[in-house]
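>>> Provide a 3D model corresponding to the input given below.
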Amino acid sequence: MADESADRSPARRPGGRSARVRAQILAATAELVARDGIAGFRYEEVAERAGVNKTSVYRNWPDREELVVEALLRYAEDLASVADTGDIHRDLVDYLLALAGALETPFGRTLAQAVQPDRRNDTVQMLTKVLDERVAALRRRVDIAVDRGELPSVDSAFLGEMISGPVHLIVDRGMRTFNRADAERIVTVVLAGIRATTPPPD
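Below you'll find the model as predicted:
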């Protein structure tokens, strides 16, 4: 167990002891949610896995739902990032591969199950922030591509739905392993359709 007095250290600088303890707790929470689901973890298990005292968990997150959401949001940071190489086709392909990889993990399956319509509750509504963050990042990348002239003016939310829908279909149904060829075909068809159906500017 970590020394509780160290948790009370005034050093709250980035990378300090307090930041490390919080990171350990968030990582432990994400692992437990992935293993047991949202309702299956306890503060005691979080503390044990993180190597801190239980009071450290309670003090930082007195609200259990806030702990879960923050842990998932931190996990989602990697998922939410969309590269900007200057090649929108390549960036979208890489995004779809990362999305498929995430959905195929225990963590991704737990999240997907949690947001099913028949499981709506306050916690699930908060967890949609994870998905919202990912969608927002993709929309930002598409908007940048439009500004640069890589794409015609397009509803970035619609484009995101069009390219991500087939990924969910393939992965959720366990049809087969999603691969780069799948991602290439999806992005090629969607972008070609957008370019072909978007009227030229006046």
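>>> chain center to the helix or strand where residue 27 lies: distance?
Per DSSP states H and E, residue 27 falls inside helix 17-36. Distance, stretch centre to chain centre, for helix 17-36: 16 Å (Cα atoms, centre = their mean, to the nearest Å).
>>> Tell me how the protein divides into domains.
Using automatic domain parsing, the domain ranges for the chain come out as 4-62, 72-197.
>>> Worst mean pLDDT among those?
The minimum mean pLDDT among those belongs to domain 4-62 (a mean of 77).
>>> gap between it and the chain center?
For domain 4-62, the distance to the chain centre is 20 Å (Cα atoms, centre = their mean).
>>> Just to check, residue 162 is in contact with residue 190?
Yes - applying Cβ atoms under 8 Å, one finds residue 162 in contact with residue 190, separated by 4.8 Å. (Each C-beta comes from the backbone N, C-alpha and C, glycine too.)
>>> Which residue comes closest to residue 97 once chain neighbours are left out?
Residue nearest to residue 97 in three dimensions, not counting chain neighbours: residue 183, with 5.3 Å by Cβ to Cβ, 6 or more residues apart in numbering.
>>> Could you report the distance from the one you found to residue 17?
42 Å (Cβ to Cβ, to the nearest Å).
>>> Could you check which of those two has the larger neighbour count?
residue 183 (22 against 17; other Cβ atoms under 10 Å).
>>> The more buried one: helix or strand, and which one exactly?
Residue-wise, residue 183 maps onto helix 180-197 under DSSP H and E.
>>> Tell me the buried residues in that helix?
182, 183, 184, 186, 187, 190, 191, 194 (16 or more other Cβ atoms under 10 Å).
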